[in-house]
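**Student:** for reference, the sequence and a predicted model appear below.
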Amino acid sequence: MNKPFTKPLRKKELARILDVSPSTLQSYLNVRYYHLLKDLGYEKNSRILWPRVLNELVRILGFQDDH
């Protein structure tokens, strides 16, 4: 990713950016990668994702920002 996230995003916004359904994103966050994200302050019931969590998730997924 060229530019790291510097502002928080809602989960729905991130799902749209990653082009996945909200339920798929929820699965990534709360099941598949939770053990990696919880130490960064991620909580399963939060609606907002903070930049450190966003950047780690993007790193894990290998997402490339083409904008």
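**Tutor:** Great, that's in hand.
**Student:** who does the longest helix anywhere in the chain touch, helix- and strand-wise?
**Tutor:** For the chain, the helix reaching the highest residue count under DSSP state H is reported as helix 51-61. Contact analysis of helix 51-61 by 3 or more Cβ pairs under 8 Å, 6 or more residues apart in numbering; DSSP states H and E lists helix 11-18, helix 34-37 as its packing neighbours. Bear in mind the C-beta positions are built from the backbone N, C-alpha and C, glycine included.
**Student:** how near is the most centrally placed residue in the chain to residue 19?
**Tutor:** The residue at the geometric middle of the chain, judged as the C-alpha nearest the mean C-alpha position with Cα atoms, centre = their mean, is residue 54 (4.1 Å). Distance, residue 54 to residue 19, by Cβ to Cβ, to the nearest Å: 15 Å.
**Student:** okay, now the unreliable bits of the protein?
**Tutor:** Segments of the chain classed as low confidence (criterion: pLDDT under 70) are 1-2, 63-67.
**Student:** repeat that with 90
**Tutor:** Screening the chain residue by residue with the criterion pLDDT under 90, one finds the ranges 1-4, 17-18, 57-67.
**Student:** and the gap between residue 28 and residue 22?
**Tutor:** When Cβ to Cβ is applied, the distance between residue 28 and residue 22 equals 11 Å.
**Student:** oh sorry, the question was meant for residue 53
**Tutor:** To residue 22, residue 53 is 16 Å away according to Cβ to Cβ.
**Student:** higher neighbour count, those two?
**Tutor:** A side-by-side neighbour count of residue 53 and residue 22, using other Cβ atoms under 10 Å, places residue 53 first with 24 against 12.
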